[in-house]
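Could you look at this predicted model? Sequence included:
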Amino acid sequence: MPGRPNPTTATRAIIAKLAQPPRVESLGPIGGRFVHALRLIALHERLQRDPVPELAVRLGGVEIAAKALILAQAISATWPENIHVSRFCCRLLSHDETTIGMFVDAAARGDRLGFEGALGGLIRADRMPRLWEGALALAAAELRAV
């Protein structure tokens, strides 16, 4: 069509890559485990059941389960909209899960700039400390269990 630019091959490749959701394996171990915990929490909420017993079994301890639940509640309270999670068995990540996994992994590395970069433009700056503290607490619990 006249007046309409043709996308370059590089542009098409970028668009195609953006259309493919990332996989759970693209996250670090703590971020990936938390995404699974988040999915399990969502499933238990739909069933109106307490997720802690199953989380404790799957994550290897009550402390990790409690920290995961606390972080999930903090995310739910600060997220700008309902969090979209995939089914528990799915290896593909939703956009929300990708962002959450990225900020949890950044906190697990002690990378405050990476944490803020993952959430920049999505969460107000005054809401970030609660998520940072929750992610650090989860990472510490995970590392104590190793």
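Noted; the coordinates are in hand. Numbers count the residues shown, from 1 in each chain.

quick one, strands of this protein?
Taking DSSP state E as the test, none of the chain falls into strands.

pLDDT below threshold where in it?
1-4, 18 (pLDDT under 70).

can you tell me which residue is nearest the centre of it?
Ile100 (2.4 Å; C-alpha atoms, centre = their mean).

got the contact list for that residue?
By C-beta atoms under 8 Å, 6 or more residues apart in numbering, Ile100 lies in contact with 31, 34-35, 38, 75, 83. To be clear about C-beta, it is placed using only N, CA and C from the backbone, and glycine gets the same treatment.

quick one: which of those is most hemmed in?
Comparing the contacts of Ile100 by number of neighbours (other C-beta atoms under 10 Å), Phe34 comes first, having 31 neighbours.

wait, that residue sits on Ala68?
Yes. Applying C-beta atoms under 8 Å, one finds Phe34 in contact with Ala68, separated by 6.1 Å.

Need the residues touching each of those two.
Joint contacts of Phe34 and Ala68 (C-beta under 8 Å, 6+ apart) are Leu138.

quick one: which of the contacts of Ile100 sit in helices?
31, 34-35, 38, 75 (DSSP state H).

from those, which single one is nearest Gly110?
Gly31 (13.9 Å; C-beta to C-beta).

Dihedrals phi and psi, Val85?
Val85 has phi and psi values of phi -120, psi 150 when expressed as degrees, to the nearest 10.

Please name the residues that touch it.
35, 38-39, 42, 94, 96-97.

do the same with Ala77
Arg130.

what's the burial count for the residue lying closest to His84 once chain neighbours are set aside?
Excluding its sequence neighbours, the residue lying closest to His84 (C-beta to C-beta, 6 or more residues apart in numbering) is Ser94, at 4.4 Å. Around Ser94 there are 17 other residues, counting by other C-beta under 10 Å.
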